[in-house]
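Q: What shape does this take:
(2 chains)
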Amino acid sequence: MTAPAIELKGISKAFGPVQANKDISIRVMPGTIHGIIGENGAGKSTLMSILYGFYKADAGEVFISGNKTEIPDSQAAIAAGIGMVFQHFKLVENFTVLENIILGAEDGGLLKPSLSKARKTLLELEKEYDLKVDPDAVIEEIGVGMQQRVEILKALYRQANILILDEPTGVLTPAEADQLFRILGRLKEEGKTIILITHKLREIMEITDTVSVMRRGEMTATVKTAETSPEELAELMVGRKVLLRVDKAPATPGDVVLDVKNLKVVDEQGVERLRGIDLQVRAGEILGIAGVAGNGQSELLEVLGGYATGSGTITLNGAPIDLTGKNSDGRSRRARGIAHVPEDRQREGLIMDFAAWENTAFGYHRDAAYTSGLLSNNAAIKADTADKMERFDVRPPHPHLAAKNFSGGNQQKIVLAREIERNPDLLLIGQPTRGVDIGAIEFIHQQIVALRDQGKAILLVSVELEEILGLADRVAVMFDGQIMGERLTADTNEKELGLLMAGITDTDAPHTMAEIEANLAHAHGDASKEV
Amino acid sequence: MDVMPKWAEVILVPLISLILAAILSALVILAIGEDPVAAVNLMITGALGSTYGWGYTLYYATNFMFTGLAVSVAFHAGLFNIGGEGQAMLGGLGVALVLLFIPWPHWTIALLAATAGAAVFGALWAAIPAYLQAKRGSHIVITTIMFNFIAAAVLNYMLVNQLRPAGSMDPATARFVETVHLPNLHEMLAPIGINFSKAAPANVSLVIAMIACVLVWLLIWRTPLGLEIRSYGKSGRAAKYAGIGAVRITMIAMLISGALAGMMAINNVMGEAERLVLNAVEGAGFIGIAVALMGRSHPFGVFLAAILFGFLYQGGAELALWTSIPRELIVVIQALVILFTGALDNMVRMPLEKIFLAARMARAPKPDRKPTEPAE
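A: Numbers count the residues shown, from 1 in each chain, chains lettered A, B, ... in the order given. The predicted model follows:
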């Protein structure tokens, strides 16, 4: 029997009182794709950081191809043949592909020999693995999918035999993700070992051979992918049965609540971010906005939420709302019955250093219920917070705890409780479950559907197509600041929406793959500028 | 995660920092051939050993409370107001104008009017940098520093060319009339049988400063406006999301800050000198930064830190008077205190956090908290 490519024995790592990894043992056989799945905070990234030499384990041993190996730093990891593709790419934006590849692996004091050697190697790698990139393209000008390929090439250039990918599809469209999986399959055929870290069950089922599940710092199971099911994996991850599908009745849309006509937004650089948006949201329905991140969805939420200015007409229940001037700020929007759960809950929706109770009042802190005379009625706010925390199952239910001490899911519940409980006519909600664990996702989705069933209008923005398809009643796809098309979620599928996300409308068929790629690079180009 | 209990955070960390600063200061004193123990004794007797010493310590502390609060309020809004010095100078001008040109029947009314004058002048002086920051993005640190110099020039001009009594060679205003004399601690405490030193300058402004501490505490922690100021200071984007205007908060916080710095003038100009002189502020505006840092921008912390710096100021003066330790060394000691309590805060905090963590782990070996993962 061949030795495993990687074997970890009894790895433990604690950060203060938090046991991030507890006695973890795992064997990854060479030439396989091994998935590691778990909720946020389950300890996946910590484990991989130990393997890559970022952290030192408190206990345990690492064996590479059967030999016990010490990995004190990333240099040692690279020397041992381990390559890592991080979730957030480590590329120099204004360097070319080639320059990025040799960065840190230059031979000698002059760049020229390294560059020409890299160019040659790159050609060989391209042939071997079908990994196409333009070596002279500047990173900031190529799409996210291509950037990811550069990261993979970087690892291969350093002669990695074991490739670790941390949440690789988080920033990709479905088409790009498929392409990545094809590349990974090819790498596997060539005998490379791949570890795929993800929280998406679908990906695990699609391409892995074996999957290990982590929960609360422990490895709860390692199973053959062929012998398991998404339901079983979800249960292993969360520790209880989870409803993966959103359970909802068909919508019964009522009157138009939000009517947006020809909405345009120009950013500070003079770039048109929204180029004439028309959309309507009715009472009792959820309109999902799909699209690759950075194609105007954020700007749409910002204008509707009252913290960006725009032009065009927006009416709420038939009455116009201001897009500029004094009555266009967040407070005026709230007064009009628009609640907003922002995309970036850590920088917008919450103030991380503030206690939960202060965050519960945030935005509504001048309400009569929360004030007495000139002063804040802190006792009333705290009582209300405790009440909301109980009803939204926020854990731990301590109003005095700072927001940063809650997990992503519980932070989101705090924001959601604050916004939903105001009984708004329209709820804007961006990336409701980003960074939220599966158990909380289920709860959050239930709350959104419940609000819909009370006859409220909901505008949902999400980059997770699966979420849009599961939650929304109708979906509008955005590309480059425009709406490419609208579909009823019941009548569409990921493939159709994926094409729309790449800017391809129904009319201009047929399309070549090259066209799609060019469009995608464009879609991502806008995204990368925003970061 | 809050690993330390609140008392450790608020009391223990500054205390250890102080002790470290004291040890280093002792080494410096040793190095120049003086006896640190004798020096400490001298400072303590000089600053706290008599009502005279206390009178000076509290007088300085009053100045520092105002300027420390000024820096704190701006700091809560994420603004670094280094212009306390200039705002306090202009506050002095406000006090002088109010007291020189209006005949006040009684000191109480005069004090209220002078406080208002000081606050308005200080606030207006802060308003210009605030407006430039809010509307044009000119960095407030740069503009407030520049405004300190402009304030000095304005004061110089006013004293030399406008307010100097005819025939006087001194760039200072005439003395204020006797009716606006503020009761000092001697006069205030005599009725209740405490014989406080007559010569010490601490006066009724101390009470105003303490009231200011309470009001600032109410403002910052107990009003919707305070929440808005703090949220703007923590996260501009979150404030925007909530509909809290950046221009509005920048202006309000800086106006309050400038007003507080200006109000210092009721202590040094009205209470002590009883006329406006050129160098009335004596660096209190800058000490205010250290006081706010050490007091963690909390009014109660500012109160304690102001008294500590008052002690250092008065004790230092005594030291310079009675030993060969030069006046400059006092500045070194003050700088060490600032260094340890402000800049090197983490040096004390981190090991302390570790100790508390270890203690907590020992108490509860299996925390039931869900593990969080720093790597994600």
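
Q: And the helices in the stretch 51-200 of chain A?
A: A:74-79, A:97-102, A:111-129, A:144-157, A:174-189 (DSSP state H, counting those that start in this stretch).

Q: Now do the domain split for chain A, please.
A: What automatic domain parsing lists as the domains of chain A is A:6-238, A:256-337+A:424-530, A:351-423.

Q: Tabulate these (CSV), appending mean pLDDT.
A: What follows is the domains of chain A, written out as CSV (pLDDT from 0 to 100):
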stretch, mean pLDDT
domain A:6-238, 88
domain A:256-337+A:424-530, 87
domain A:351-423, 92
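
Q: nearest to residue B:72, of these?
A: Among the domains of chain A, domain A:351-423 comes nearest to residue B:72, with 16.1 Å by CB to CB. Every residue, glycine included, has its C-beta placed from N, CA and C.

Q: Spell out whether the closest one and chain B are in contact.
A: Yes - judged by CB under 8 Å from any CB of the partner chain, domain A:351-423 comes into contact with chain B through A:351-354, A:358, A:361-363, A:365-366, A:370-371, A:374-376, A:378, A:395-396, A:402, A:405, A:407.

Q: Which ones among those map onto strands?
A: Among these, DSSP state E puts A:371, A:375-376 in strands.

Q: Please tell me how far stretch B:41-54 is from the chain's geometric centre.
A: Its chain's average C-alpha position is 21 Å from that of stretch B:41-54, according to CA atoms, centre = their mean, to the nearest Å.

Q: where in chain B is pLDDT low?
A: B:1-3, B:361, B:363-376 (pLDDT under 70).

Q: anything in stretch A:238-257 near chain B?
A: No - on the criterion CB under 8 Å from any CB, stretch A:238-257 is out of touch with chain B, staying 11.3 Å away.

Q: Can you give me the end-to-end span of that stretch?
A: With CA to CA, to the nearest Å as the measure, stretch A:238-257 spans 38 Å from end to end.

Q: Residue 249 - nearest residue in space that isn't next to it in sequence?
A: Just going to use chain A. residue A:453 (7.4 Å; CB to CB, 6 or more residues apart in numbering or on different chains).

Q: was after chain B, sorry
A: With CB to CB, 6+ apart, the residue lying closest to residue B:249 is residue B:232, at 4.3 Å.

Q: ok, that neighbour - how many residues close by?
A: 26 (other CB atoms under 10 Å in any protein chain shown).

Q: Just list the residues touching it, thanks.
A: Residue B:232 makes contact with B:77-78, B:239, B:244, B:246, B:249-250, B:253 under the criterion CB atoms under 8 Å, 6 or more residues apart in numbering or on different chains.

Q: Confirm that it sits in a strand.
A: No - with DSSP: H, G, I helix; E, B strand; the rest coil as the criterion, residue B:232 is helix rather than part of a strand.

Q: mind checking how far it is from residue A:494?
A: Distance, residue B:232 to residue A:494, using CB to CB, to the nearest Å: 42 Å.

Q: ok, now residue A:242?
A: 21 Å.

Q: Surely residue B:217 and residue B:300 touch.
A: Yes - the criterion here is CB atoms under 8 Å, and residue B:217 meets it with residue B:300 at 7.0 Å.

Q: Thanks a lot, catch you later.
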